[in-house]
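J.: sequence and predicted structure, then a few things I'm wondering about:
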Amino acid sequence: MDLTNWGIQQISSCSKLRHLSLVRSQEDFAISFRRVNDLGILLMAENCSNLESVRLGGFCRITDAGFRAILHRCSNLQKLELLRTTQLTDLVFHDISATPLSLTDVSLISCTLITDFSIIHLAYCKDIQVLDLKGCRRVGDEGLKVVSSLGKLKTLHLNSSDISDVGLSYLGSGNAPLLSLSLRSCQRLTDKGISALVAGSLVQTLQNLDLSNIPNLTDNAILVLVKSGMQIVELRLRECPLIGDTSVIALASMHFQGRGYGSTLRLLDIYNSGGITKLAISWFKKPYFSRLRWLGIGSNVNGYMDVLGRDRPLLRILWQGNELDRGRQDFSDEFYKVEFEEEDELEQWLQNVGNEGEVEDEIGQWLQEGE
């Protein structure tokens, strides 16, 4: 069975429709709606002009004409999510400033023909809070330059884009109050880009950071993050070949307002990072990482997980490579769990830790060796 223009016409009869989500996908490979073209979308946009959110995925025959109809006829549209729309180009957004739209959430996932031109025009929508450009490989530094001026932007995903350290310098010196930033698989980034990123006001706002699969990222970048004083809550460093034990030790040294070592981190993913050894595991024991609840780690150290699980009963450890998703509640067998009394680990540690000066000396020694 496949969706056709006739099916889209039936949706068009719902004139009071506010939210629409039509996505065709299958795990491991892409599939598409092959019998829906611009005609069906034009009719829908004409009759469903009250739409506030639109999510379309896998429409391989819809061109710019169909997508432009949605933008120009649905004046109440706030959320736009387009996934794997292979014929979407920059022409869709070139006159978006002429529309009354007040977009707050824009996702253009794996739209491979989109370039900086689209992002520059999308920046006319000053109310954007979420911008997801995962898989937009032609988006680069010029697009990031205008994104950095969005004063309400909270979430930015740039996975696999063409940005460089220059783009991160724009973002670091801009006024976007980001809470969450994903730079996963941005192959051109180096430690210099991370230094530029934390040189400005983002240190005060950024809490969730994904630096996974960046081949030139080293422990020095993590040292810079720690020294900046950024209150990191979620940090992903999976599949970074040059990230090692020094990064874990540096993160363990974070000491925010007397709340304990590494205390702001709730999630840390270092799965398959090249330099992680059993030495790093010892730094997840007391008194470090007092509030850490999720840990992704490689199978090369899984022999030590039982010991760590007993020492940290509230820590969920995932070592088979699956992603650690925020808010996930389904704890399957791949998690090490030990059910004990739900006590505040920090309070226990404050009682167990001895001389705080000795702990600081230990961390300082390791950081000097890492440098």
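T.: Cool, got the structure.

J.: just the pLDDT for Asp28.
T.: On pLDDT, Asp28 comes in at 53.

J.: kindly report the same for the one 10 residues further on.
T.: At Asp38, the predicted lDDT confidence score is 94.

J.: which residues of the chain fall in strands?
T.: 19-23, 53-57, 79-83, 105-109, 130-132, 155-157, 180-182, 208-210, 234-236, 267-269, 294-296, 316-318, 335-336 (DSSP state E).

J.: so which elements touch the fourth one?
T.: It stands for strand 105-109. strand 79-83, strand 130-132 (3 or more Cβ pairs under 8 Å, 6 or more residues apart in numbering; DSSP states H and E). In short, each C-beta sits where N, CA and C put it, glycine included.

J.: what's the closest of those strands to Leu113?
T.: strand 79-83 (11.5 Å; Cβ to Cβ).

J.: who does the closest one pair up with?
T.: Paired strands of strand 79-83, with direction, are strand 53-57 (parallel), strand 105-109 (parallel) (DSSP bridges).

J.: how about it as PDB, C-alpha atoms only?
T.: Written as PDB, here are the backbone C-alpha positions of strand 79-83 (Å, rounded to 0.1, in the frame of the first residue of the first chain):
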ATOM      1  CA  LYS A  79       6.700  24.100  13.200                       C
ATOM      2  CA  LEU A  80       8.100  22.800  10.000                       C
ATOM      3  CA  GLU A  81       9.900  19.400   9.800                       C
ATOM      4  CA  LEU A  82      11.000  18.000   6.400                       C
ATOM      5  CA  LEU A  83      12.900  14.700   6.400                       C
END
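
J.: contacting residues around it?
T.: Applying Cβ atoms under 8 Å, 6 or more residues apart in numbering, the contact partners of strand 79-83 are 23, 25, 52-58, 67, 70-71, 88, 103-111, 132.

J.: in TSV: the helices and strands packed on strand 105-109, plus mean neighbour count and mean pLDDT.
T.: TSV is the format used below for the helices and strands packed on strand 105-109 (neighbours: other Cβ atoms under 10 Å; pLDDT from 0 to 100):
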stretch	mean neighbour count	mean pLDDT
strand 79-83	20	97
strand 130-132	21	98
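
J.: reformat those strands as JSON lines; add distance to Leu39.
T.: Shown next, in JSON lines, are the helices and strands packed on strand 105-109 (distance: least, Cβ to Cβ, whole Å):
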{"stretch": "strand 79-83", "distance to Leu39": "18"}
{"stretch": "strand 130-132", "distance to Leu39": "28"}
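
J.: what's the closest of the strands of the chain to Asn47?
T.: strand 19-23 (11.9 Å).

J.: just the angle for that closest one relative to strand 79-83, thanks.
T.: 10 degrees (axes from the mean of the first three to the mean of the last three Cα atoms, to 10 degrees).

J.: that older thread, want to throw the strands paired with strand 79-83 into TSV with mean neighbour count and distance to Leu315?
T.: Formatted as TSV, these follow (neighbours: other Cβ atoms under 10 Å; distance: least, Cβ to Cβ, whole Å):
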stretch	mean neighbour count	distance to Leu315
strand 53-57	20	35
strand 105-109	19	32
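
J.: residue contacts, Val307?
T.: Going by Cβ under 8 Å, 6+ apart, the list of residues near Val307 is empty.

J.: want to throw the strands paired with strand 79-83 into a markdown table with distance to Lys192?
T.: Output for the strands paired with strand 79-83, formatted as a markdown table (distance: least, Cβ to Cβ, whole Å):
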| stretch | distance to Lys192 |
| --- | --- |
| strand 53-57 | 36 |
| strand 105-109 | 28 |
